[in-house]
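Engineer: Here's my sequence, what's the structure:
(one chain, ligands or ions: 1)
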Amino acid sequence: MDQIIVQGNGPLKGEIPIAGAKNACLTLMPATLLTDQPLTLTNAPRLSDIRTMTALLQSLGAEVAPLQDGQVLALSSHDLTSHRAEYDIVRKMRASILVLGPMLARDGRAEVSLPGGCAIGARPVDLHLKALEAMGAELDLRDGYVHAKAPSSGLRGAVVEFPLVSVGATENALMAATLAKGTTVLRNAAREPEIVDLAQCLRRMGAQIEGEGESTITIQGVETLHGATHPVVTDRIELGTYMLAPAMCGGEVECLGGRISLLSAFCEKLDEAGIDVEETPRGLKVSRRNGRVRAVDVTTQPYPGFPTDLQAQFMALMCMAEGTSRLEETIFENRFMHAPELTRMGAQIEVHGGHATVTGVEKLRGAPVMATDLRASVSLILAGMAAEGQTTVSRVYHLDRGYEHVVRKLRGVGAHIERVKEEEQV
Ligand code: UD1
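Structural biologist: Just a heads-up that it's a prediction; the model follows:
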């Protein structure tokens with residue numbers, strides 16, 4: 001297993017290119033199942049989650065060809081040879097559930113393994129299932145699988161009122177509704193930029209959608225969808241993560257492809273903390289004003305609020321802030337697993353249920369730490385860059401799910417970071 005070794009750093013300087021969004025790509029890829037014509041995604045990130053979705057789609061009979069070193073994905077689902085998403089693939093990645101809506105809409109049947117729990121909480125899929133049921137699907141949960149069937153005349157448009165905002169359930173329902181008969185209205189829908197990106201891609205494929213980015217989305221079902229080429233939107237979580245690097249180490253870094261509109265709540269918090277963010281024609285230029293950053297309070301919320309996927313990284317910044325900050329996690333119930341690891345580096349954090357109180361210290365100290373999930377792992381790297389001495393992060397396979405070339409990108413702005421095989425360490 002690989003490890004990442006980070007030495008405490010001085011100020012950073014340079015630019016970091018931001019990739020296409022993992023979470024957008026993971027919902028754009030299953031959209032191929034809605035049509036027998038080719039779908040081409042450009043600006044795709046090169047990540048292990050994308051390879052898992054590739055394997056899943058291939059297991060259903062789709063052809064997926066990564067081109068240009070993986071940045072272009074050529075997908076084609078001319079014939080589906082299977083309608084069963086097996087546990088062995090689904091258990092690796094919860095986003096696998098996103099094949100359910102498209103398969104059901106196109107062929108009237110699907111069997112998808114239930115994703116099960118995951119490290120950051122229980123994460124059920126009841127909202128996905130209720131939305132599809134409202135559109136006429138018959139669902140049977142047995143042997144750990146959802147066995148889904150559409151009426152013989154196909155799914156029908158429906159009014160779906162989500163009791164809580166779910167990104168995945170909105171995406172599944174949106175894709176299914178494009179081929180349903182009649183009008184579907186999704187209320188209390190998620191508004192994330194990845195939903196907007198999906199709607200834009202589906203529209204390029206011939207879908208009739210209005211209201212994406214708002215909490216009510218209206219979809220007029222069409223007979224068939226056709227092929228399209230679509231560029232994946234910038235990864236706002238990768239963007240926010242790298243914006244925190246100069247915030248923590250000092251210096252100035254330009255994140256290429258970044259826009260404030262992707263992350264306005266996050267940028268407001270950076271401003272309160274004393275970080276300058278300037279929009280340039282190429283992206284976002286980030287630098288720290290003089291002195292230590294100030295402690296600020298943060299509550300995670302669905303978009304346009306502060307993203308849960310940046311909470312761990314922001315906590316790393318708050319560990320070094322002047323004063324005490326209170327971080328509240330409202331989306332996932334078990335998302336402070338990075339706190340004990342940051343504490344090993346000298347941070348002062350108290351966690352009580354969904355709240356963490358962080359009292360900033362002047363300096364963090366390098367230590368051996370363990371990554372527990374994707375965003376936690378990168379928060380430890382950021383902390384290591386700002387700490388005194390050496391930090392060794394193990395279990396970095398989590399990182400490969402969501403950050404491409406993390407070592408190369410951070411070295412490019414002057415970070416002292418390398419990836420080694422564990423045995424080379426001893
Ligand atoms: C997506 C993102 C993930 C991000 C999350 C919240 C992808 C691939 N992943 O995950 O990185 O952290 O949005 O921004 O896009 N819930 C239910 N029932 C359901 C579905 C969700 O109770 O059927 C709950 C979840 O447990 C959670 C909340 O709703 O507490 C929000 O989850 P959701 O927005 O669905 O997250 P994902 O789509 O899984």
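Engineer: what about H405, how many neighbours?
Structural biologist: 14 (other Cβ atoms under 10 Å). To be clear about C-beta, it is placed using only N, CA and C from the backbone, and glycine gets the same treatment.
Engineer: residue contacts, it?
Structural biologist: Applying Cβ atoms under 8 Å, 6 or more residues apart in numbering to H405 gives the contacts R46.
Engineer: Distance check, it against the ligand.
Structural biologist: As for H405, its distance to the ligand is 20 Å (criterion: Cβ to the nearest ligand atom, to the nearest Å).
Engineer: Next: L141.
Structural biologist: The gap separating L141 from the ligand is 13 Å, by Cβ to the nearest ligand atom.
Engineer: for V253, same thing?
Structural biologist: 24 Å.
Engineer: Do you have the helices of the stretch 101-250 of the chain handy? List them.
Structural biologist: 126-134, 167-178, 193-204, 236-249 (DSSP state H, counting those that start in this stretch).
Engineer: how about stretch 361-371: buried residues?
Structural biologist: By neighbour count with 16 or more other Cβ atoms under 10 Å, stretch 361-371 contains the buried residues 364-367, 369-371.
Engineer: Stretch 256-272 now?
Structural biologist: 257-259, 262-263, 265-267, 269-270.
Engineer: Among those residues, which ones lie close to the ligand?
Structural biologist: When Cβ under 6 Å from any ligand atom is taken as the criterion, no member of the buried residues of stretch 256-272 contacts the ligand.
Engineer: Could you work out the most separated pair of those?
Structural biologist: By the measure Cβ to Cβ, G257 and K269 form the most distant pair in the buried residues of stretch 256-272, at 20.9 Å.
Engineer: Tell me where the model's unsure across the stretch 101-250 of the chain.
Structural biologist: Filtered on pLDDT under 70, the stretch 101-250 of the chain yields the residue ranges 116-123.
Engineer: Quick one: name the residues of it near the ligand.
Structural biologist: Counting by Cβ under 6 Å from any ligand atom, the stretch 101-250 of the chain comes close to the ligand at 121, 123-128, 164, 166-169.
Engineer: Now, of the residues you listed, which are buried?
Structural biologist: So, by 16+ other Cβ under 10 Å, the buried ones in these are 123, 125, 127-128, 166-169.
Engineer: Go ahead and name everything in contact with stretch 313-320.
Structural biologist: Contacts for stretch 313-320 (Cβ under 8 Å, 6+ apart): 240-241, 244, 247-248, 266, 269, 273, 292-293, 295-296, 298, 306, 325, 327, 336, 338-339, 342, 345, 347-349, 356, 358, 360-364, 375, 378-380, 382-383, 386.
Engineer: so how far is it from its chain's centroid?
Structural biologist: 20 Å (Cα atoms, centre = their mean, to the nearest Å).
Engineer: need the contact list for the closest residue to N43 other than its chain neighbours.
Structural biologist: Sequence neighbours aside, G20 is the residue nearest to N43 in space, at 3.8 Å (criterion: Cβ to Cβ, 6 or more residues apart in numbering). Neighbouring residues of G20 by Cβ under 8 Å, 6+ apart: 41-45, 71, 231-235.
Engineer: L256 now?
Structural biologist: So L256 contacts 15-18, 282-283 (Cβ under 8 Å, 6+ apart).
Engineer: how about the strands in the stretch 51-200 of the chain?
Structural biologist: For the stretch 51-200 of the chain, applying DSSP state E, counting those that start in this stretch gives strands covering 63-67, 72-76, 84-85, 109-113, 138-142, 145-149, 159-161, 183-187.
Engineer: residue ranges with poor pLDDT in the stretch 301-426 of the chain?
Structural biologist: Ranges of the stretch 301-426 of the chain meeting pLDDT under 70: 423-426.
Engineer: How about the residues of it by the ligand?
Structural biologist: Neighbours of the ligand within the stretch 301-426 of the chain, by Cβ under 6 Å from any ligand atom: 308-309, 331-332.
Engineer: could you redo the last one with a cut-off of 8 Å?
Structural biologist: Counting by Cβ under 8 Å from any ligand atom, the stretch 301-426 of the chain comes close to the ligand at 302-303, 307-309, 331-333.
Engineer: related to what we said a few turns ago, if we compare the helices of the stretch 101-250 of the chain, which one ends up closest to K149?
Structural biologist: That would be helix 126-134 among the helices of the stretch 101-250 of the chain, by Cβ to Cβ, at 10.4 Å.
Engineer: Counting by contacts, list what that closest one packs against.
Structural biologist: helix 100-107, strand 138-142, strand 159-161, helix 167-178 (3 or more Cβ pairs under 8 Å, 6 or more residues apart in numbering; DSSP states H and E).
Engineer: mind listing what the shortest one pairs with, with the direction of each?
Structural biologist: Each strand that strand 159-161 pairs with, and the sense of that pairing, follows from DSSP bridges: strand 183-187 (parallel).
Engineer: What residues of the partner strand count as buried?
Structural biologist: Going by neighbour count (16+ other Cβ under 10 Å), the buried part of strand 183-187 is 184-186.
Engineer: what's the answer for stretch 102-116, then?
Structural biologist: Buried residues in stretch 102-116 (16+ other Cβ under 10 Å): 102-106, 108-115.
Engineer: what's the answer for stretch 326-342, then?
Structural biologist: Result for stretch 326-342 [16+ other Cβ under 10 Å]: buried residues 327, 329, 331-332, 334-339, 341-342.
Engineer: For V222, give me its contacts.
Structural biologist: By Cβ under 8 Å, 6+ apart, the contact set of V222 is 178-179, 206-208.
Engineer: Of the residues you listed, keep whichever come out buried.
Structural biologist: Applying 16+ other Cβ under 10 Å to the contacts of V222 flags 178-179, 206-207 as buried.
Engineer: how much space between L342 and Y87?
Structural biologist: Note on L342: its distance to Y87, by Cβ to Cβ, to the nearest Å, is 34 Å.
Engineer: same thing with E238?
Structural biologist: From E238 to Y87 the distance is 29 Å (Cβ to Cβ).
Engineer: picking up where we left off before, now flag whichever of the buried residues of stretch 256-272 is closest to P30.
Structural biologist: P30 lies nearest to L262 out of the buried residues of stretch 256-272, by Cβ to Cβ, at 22.6 Å.
Engineer: Ramachandran angles for R292?
Structural biologist: Taking degrees, to the nearest 10, you get phi -80, psi 160 for the backbone angles of R292.
Engineer: roughly how far apart are it and T372?
Structural biologist: Taken as Cβ to Cβ, the span from R292 to T372 is 27 Å.
Engineer: Pick out whichever of these two has more residues nearby.
Structural biologist: T372 (21 against 15).
Engineer: wait, that one sits on A339?
Structural biologist: No. T372 is beyond contact range of A339, at 10.0 Å (criterion: Cβ atoms under 8 Å).
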